[in-house]
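Generate coordinates for the sequence data below:
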Amino acid sequence: MDMLWNGWGDPAKAAPLPDTVTGLLRDLLGVKPRTTPALALQDIDLPDTTAGPAALEALAEAVGGADHVRTDTESRIRHTRGKSTPDLLRLRAGDLSEVPQAVVLPASHDEVLAVLRACAGHGLAVVPFGGGTSVVGGLAPERRAFVALDLRRMNGLLDLDPVSRTAVLQPGLRAPEAEALLAEQGFTLGHFPQSFEWATIGGFAAARSSGQASAGYGRFDEMVLGLTLATPEGTVEAGRAPRSAAGPDLRQLILGSEGAFGVITSVLARIRPLPEVRLYEGWRFASFEEGAAALRRLAQDGPRPTVLRLSDETETLIGLAQPDAIGAGLAQSGAGCTAITGYEGTAEDTAQRRDQAAAVLRAAGGTLLGAEQGERWAHGRYSAPYLRDALLDAGAFAETLETAAFWSRVPDLYAAVRTALTDTLTQAGTPPLVMCHISHVYENGASLYFTVVSAQGEEPVAHWTHAKHAANDAVLAAGGTITHHHGVGTDHRDWYVREAGELGIEALRAVKRRLDPEGLLNPGVLLPTD
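Residues are numbered from 1 along each chain as shown. This is a model prediction of the structure:
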């Protein structure tokens, strides 16, 4: 099944907002219903591909036949951009300026290498495409004729070593299928980001993904023990032991490279036994500051839950952590801040960690809300992107951004980003509702995940671009990183250059020139083009 071409996920799960929520949007933010009819896929007249017959023939030869090279309108549109709100608004308006000239579906590492050679021979850029879930412009290269390299045929579990607890996974394997295949043999990756239902193994590695259970299982880049990379210059193999002192770790050069250095064709990943028990609970703190202090105590001194999250006062009030109960908190007085804790493992270990963590949270001022609150979060943990689409349909603008910092800098970072977003969007005539939660915790710091909702206004993409740039400036000024788990893409690229520094960027440019001398791979993504 393919995702909605102009929205998120399974079309059967898309639903309009309840009348109570549309009324809330109208009263709080002045949101007006959309009057422009939605554009239907069948109504789009896309120009014929500019890839010539010789190029298409070479691509077909590389992947075993013309059936695996698609130039029809629907295939090309479905591989245009990612799933950020600006991406969707442009698609809904019929802006197809970044459409691929063809969609190519290889089935093996060797076929990926053959595609890269064919594209080099015909001057076509290449954009690797997994689940298509990028929200930072990672699938929108600088304007140049390109093909989308769809990896869906490379979707297998190639090997599982129960002794070492490792698995070799192909890049086009979607997360739910990967979990199902591992579960058959009693294992799990434990990687459950909000994009879980649609994102792929290769995408997780290419963007340094972080899942909602990262407090217990770690980030995806911590799970990766080895990688195979196909480049226009050949193959790179990285990782042959759990740890090594054999020079700089090439895995870390590939992880987070977003298709700019090559195409990840296999991942050797750490796996864990399936948990016997999964338990989620809700907690309430009087303030975001108090809740953050409690999370820091657990992150630094333990016991660390598998899932550990904290919503600020506004997000708690609106109820965004539970998409099926939006607005419910508005009826409460002094709603405070909601935290979610989750525990996975053996029954004995889970009970012990839960009781020990509960004692810490109570001592830090927390009040237990119980399992119902936690289970409701777990049930709706993948629903927010569907809610975003419903908000767009209703005339609202909804988007997210995330960052991370050391604990001592988190308060100033939180305030700076909120102020930047509120001020710029208010000046544009679309005053926003800005919500935030701590989504991932570490011994030394945490990530902040912001959600912004406003009226769309006359120029929603332009308004958001201005606000996002102001927020990016605020992130760097406050000592945060420009991205924690969404990646760099094109949206964060200029700020990544500032964060990494001139010499660091030049070193990465040198790597790209050696692996991709013609600049074919995702041009303009991650690094500025020469």
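
Ramachandran angles for the residue nearest to Ser214 when sequence neighbours are not counted?
Among residues not flanking Ser214 along the chain, His440 sits closest, at 4.9 Å (Cβ to Cβ, 6 or more residues apart in numbering). Just so you know, the C-beta spots here come from the backbone N, C-alpha and C atoms, and that holds for glycine as well. Taking degrees, to the nearest 10, you get phi -150, psi 140 for the backbone angles of His440.

distance between stretch 390-403 and the chain's centre?
Offset of stretch 390-403 from its chain centre (Cα atoms, centre = their mean, to the nearest Å): 15 Å.

How about stretch 384-394?
On the basis of Cα atoms, centre = their mean, stretch 384-394 sits 17 Å off its chain's mean C-alpha point.

Give me the distance from stretch 240-256 to the chain's centre.
That offset, for stretch 240-256, works out to 23 Å (Cα atoms, centre = their mean).

Also stretch 239-248?
28 Å.

follow-up on the earlier one: run a quick neighbour tally on the residue nearest to Ser214.
24 (other Cβ atoms under 10 Å).

next one: Thr306
By other Cβ under 10 Å, 22 other residues sit near Thr306.

tell me the contacts of it?
Applying Cβ atoms under 8 Å, 6 or more residues apart in numbering, we find Thr306 in contact with 190, 213, 215-217, 342-345.

picking up where we left off before, per-residue pLDDT of the residue nearest to Ser214, please?
In the predicted model, His440 carries a pLDDT score of 98.

now do Leu41
88.

Once you drop chain neighbours, what's closest to it?
Sequence neighbours aside, Trp5 is the residue nearest to Leu41 in space, at 5.5 Å (criterion: Cβ to Cβ, 6+ apart).

ditto for Leu255
Asp221 is the one closest to Leu255 (Cβ to Cβ, 6+ apart), at 4.6 Å.

Correct me if wrong, but that neighbour is in a helix.
Yes: counting by DSSP: H, G, I helix; E, B strand; the rest coil, Asp221 is found in a helix.

quick one: the nearest residue to Lys468 once chain neighbours are set aside from Ala415, how far?
Nearest residue to Lys468, sequence neighbours excluded (Cβ to Cβ, 6+ apart): Leu401, at 6.6 Å. Plainly put, Leu401 is 15 Å away from Ala415 if you go by Cβ to Cβ, to the nearest Å.

When those two are compared, which one has more neighbours?
Leu401 (27 against 12).

Beta-bridge partners for that one, please?
Beta-bridge partners recorded for Leu401 (DSSP bridges): Phe450.

What's the separation between it and Ala292?
Counting by Cβ to Cβ - Leu401 and Ala292 are separated by 19 Å.

cool, Ala148 as well?
41 Å.

same thing with Thr451?
For Thr451 relative to Ala292 (Cβ to Cβ), the value is 17 Å.

now Thr481, nearest residue through space, not along the chain?
The nearest residue in space to Thr481 (Cβ to Cβ, 6+ apart) is Ala404, at 5.3 Å.

isn't the one you found right next to Ile482, touching?
No: contact status for Ala404 versus Ile482: not in contact, 9.7 Å apart, counting by Cβ atoms under 8 Å.

okay, and for the stretch 301-450 of the chain, where does confidence drop off?
For the stretch 301-450 of the chain, the stretches with pLDDT under 70 are 320-334.

how about the helices of it, start to end?
313-318, 347-363, 371-379, 384-393, 410-427 (DSSP state H, counting those that start in this stretch).

Please tabulate those helices in JSON lines, including the columns distance to Val31.
Formatted as JSON lines, the helices of the stretch 301-450 of the chain follow (distance: least, Cβ to Cβ, whole Å):
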{"stretch": "helix 313-318", "distance to Val31": "14"}
{"stretch": "helix 347-363", "distance to Val31": "37"}
{"stretch": "helix 371-379", "distance to Val31": "26"}
{"stretch": "helix 384-393", "distance to Val31": "8"}
{"stretch": "helix 410-427", "distance to Val31": "13"}
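
just so I know, which of the ones you listed lies nearest Leu39?
Judged by Cβ to Cβ, the one of those that comes nearest to Leu39 is helix 384-393, at 12.5 Å.

Run through who's touching that closest one.
Counting by Cβ under 8 Å, 6+ apart, 4, 7-9, 13-17, 25, 34, 38, 83, 85, 88-89, 92, 194-195, 320, 323, 326, 397-399, 451, 453, 456 sit against helix 384-393.

Just the buried residues from those residues, in ChimeraX please.
In ChimeraX syntax, the buried subset of the contacts of helix 384-393 is picked out as below (16 or more other Cβ atoms under 10 Å):
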select :4,7,8,9,17,25,83,85,88,89,92,194,195,320,323,326,397,398,399,451,453,456
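
and the gap between Gly23 and Glu313?
As judged by Cβ to Cβ, Gly23 and Glu313 stand 22 Å apart.

who's more crowded, the two?
Taking other Cβ under 10 Å, Gly23 and Glu313 do not tie; Glu313 has more neighbours (20 against 13).

wait, the more buried one sits on Glu290?
No: counting by Cβ under 8 Å, Glu313 stays clear of Glu290, with 11.0 Å between them.
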